[in-house]
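**Student:** Have a look; sequence and predicted model below, questions after that.
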Amino acid sequence: MWSKTKVFISFDFDNDKFIKDMMVKQARLPHSPFEISDWSMKEAAPERNWQAKARERIKRCDVVMIMLGPNTWRAPGVLKEIAIAIQEGVKRIQVIGYRDREYTPIPGGGQLYRWTWDNLERALAPERYRY
């Protein structure tokens, strides 16, 4: 039996909680190759040491998944989480969160995927998560 890929999910807290919640539900499906530890900050104004906490959580994951919405490219928390993932050598992927909205890929955010089950399986299969 293989272990599931551990995913840290990064998203625009102010605008995209819905797509984050949908991805968490999808990860809970029995045949999902990945699991999401929902470590997102629960409030819009994070505590002072949230970056240290985020770093520890990111280091425990195999992949940082950035959920792209219209404004994600300028969400300060997302940009800081991507920088931490780069510093820690954790793979990053970007998933287009909405079919009917614009999005801007984030430099350093990793490969861009449309949100389909096949793409998630391809991007998050356990043997593919480390550089």
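**Tutor:** Yes, it's here. Residues are numbered from 1 along each chain as shown.
**Student:** Need the contact partners of the longest helix belonging to the chain.
**Tutor:** In the chain, with assignment by DSSP state H, the single longest helix is helix 76-88. The contact list for helix 76-88 (C-beta atoms under 8 Å, 6 or more residues apart in numbering) reads 8, 10-13, 41, 46, 50-51, 54-55, 58-59, 64, 66, 72, 91-92, 106, 108-109. Where C-beta positions appear, they are placed from N, C-alpha and C, glycine not excepted.
**Student:** Tell me where the model's unsure across the protein.
**Tutor:** 1-2, 38-46, 126-131 (pLDDT under 70).
**Student:** give me the beta-bridge partners of the residue nearest in space to the middle of the chain?
**Tutor:** The centroid of the chain falls nearest to residue 65 when counting by C-alpha atoms, centre = their mean (2.2 Å). Residue 65 forms beta bridges with residue 9, residue 93, as assigned by DSSP bridges.
**Student:** neighbours around residue 31, how many?
**Tutor:** By the measure other C-beta atoms under 10 Å, the count of residues near residue 31 is 6.
**Student:** related to what we said a few turns ago, now, the contacts of helix 76-88 that are in strands?
**Tutor:** If you go by DSSP state E, those have 8, 10, 64, 66, 91-92 in strands.
**Student:** Identify, from the residues you listed, the entry nearest to residue 33.
**Tutor:** Nearest to residue 33 among the ones in strands among the contacts of helix 76-88 is residue 91, at 14.1 Å by C-beta to C-beta.
**Student:** Now that closest one: closest residue in space, sequence neighbours ignored.
**Tutor:** Leaving aside its sequence neighbours, residue 91 sits nearest to residue 63 (C-beta to C-beta, 6 or more residues apart in numbering; 4.9 Å).
**Student:** likewise residue 85?
**Tutor:** In space, and not counting its chain neighbours, residue 85 is closest to residue 64: 4.2 Å by C-beta to C-beta, 6+ apart.
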